[in-house]
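[1] mind folding the following:
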Amino acid sequence: MHKNTLTFSIISLVIALLGGVLLVADLWLKNAPAAASASSPLSPTVDGRAAEGEYAHSSYDEITGMTLYWSVVGNTIYFGLHSPGAGWLAMGLAPDGPMMRGADIVMGYIKDGQAFVEDHFGDTPTSHKHDTAITGSDSLISFAGAEDELGSALEWSRSLATGDARDKPLDQGKVFVQLAYADQDDWSTYHSKRNTIPVDFFASEGD
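    This next block holds a predicted model:
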């Protein structure tokens, strides 16, 4: 009788231990994928076309008809920019003023299916130069562009803080962003439309 009671107790203990192991495994499987997804957002594909849902955020500007897209992934920020024009398009970050002076500018155009994109700096209120021409460096990690009947689009990526004095480091809070485009494929034609909008690149979805 004593032997049977001991055997029953051992079996009960084994069943209880197995139940605990299964419960822990079930909780881990339910929570682990969600945690990985939250901490590792997917990087946009820099191919010149901002696909639906590719970027975490976007802002449409009614004045210019341009749309700015962006996603922050680790220490890198990915941008997409679309204009209704068929020439150059540009984004200028945090100008000191007046006008474009001090702005960290990315500008480009698409010609014969090839994208030409450069990292510029607003050296005067009405002019800009390639960073490399004024003791700066080209800080674009990658870029691409495309155009169709709806307009022109650029995509590019850069570090949040490039370490280049001609680039503006990006952090929490709103910054002023200049949007502009023209109908010529060059670096100097006067813009067709231009506007400045406030953007917080670190705002939560829906803010």
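
[2] can you list the weak-confidence ranges in this protein?
    1-41, 205-207 (pLDDT under 70).

[3] can you give me the strands in it?
    57-61, 66-73, 76-83, 89-93, 104-111, 114-124, 127-130, 142-148, 151-159, 175-181, 193-199 (DSSP state E).

[4] could you export these as CSV, including mean neighbour count?
    Every C-beta, even on glycine, is put in place using the N, C-alpha and C of the backbone. As requested, the strands of the chain are exported to CSV (neighbours: other C-beta atoms under 10 Å):
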stretch, mean neighbour count
strand 57-61, 15
strand 66-73, 20
strand 76-83, 22
strand 89-93, 25
strand 104-111, 23
strand 114-124, 19
strand 127-130, 17
strand 142-148, 18
strand 151-159, 23
strand 175-181, 21
strand 193-199, 16
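
[5] out of those strands, which gets nearest to residue 167?
    Across the strands of the chain, residue 167 has its closest neighbour in strand 104-111 (5.1 Å, C-beta to C-beta).

[6] need the contact partners of that closest one.
    48, 79, 81, 87-94, 115-122, 128, 140, 143, 145-147, 152, 154, 156, 166-168, 178, 185-187 (C-beta atoms under 8 Å, 6 or more residues apart in numbering).

[7] likewise for stretch 156-170?
    43, 46, 72, 75-79, 93-94, 104, 106, 117, 119, 121, 131, 134-137, 139-144, 171, 175, 201.

[8] for stretch 139-147, same thing?
    Here stretch 139-147 makes contact (C-beta under 8 Å, 6+ apart) with 46-49, 76, 86, 106, 108-110, 115-117, 119, 131, 152-159, 162, 164, 167.

[9] switch to 6 Å and redo it
    Residues outside stretch 139-147 that contact it (C-beta atoms under 6 Å, 6 or more residues apart in numbering): 46-49, 108, 110, 115, 117, 119, 153-158, 162, 164, 167.

[10] so how far is it from its chain's centroid?
    12 Å (C-alpha atoms, centre = their mean, to the nearest Å).

[11] dump it to PDB, keeping only the CA atoms.
    Taking Å, rounded to 0.1, in the frame of the first residue of the first chain, the C-alpha atoms of stretch 139-147 are listed here in PDB:
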ATOM      1  CA  SER A 139      26.200  61.900 -46.300                       C
ATOM      2  CA  LEU A 140      23.600  59.900 -48.300                       C
ATOM      3  CA  ILE A 141      23.900  56.200 -47.500                       C
ATOM      4  CA  SER A 142      21.600  55.200 -50.500                       C
ATOM      5  CA  PHE A 143      19.300  56.800 -52.900                       C
ATOM      6  CA  ALA A 144      17.000  56.000 -55.900                       C
ATOM      7  CA  GLY A 145      14.400  57.800 -58.000                       C
ATOM      8  CA  ALA A 146      11.600  57.200 -60.400                       C
ATOM      9  CA  GLU A 147       8.900  59.100 -62.400                       C
END
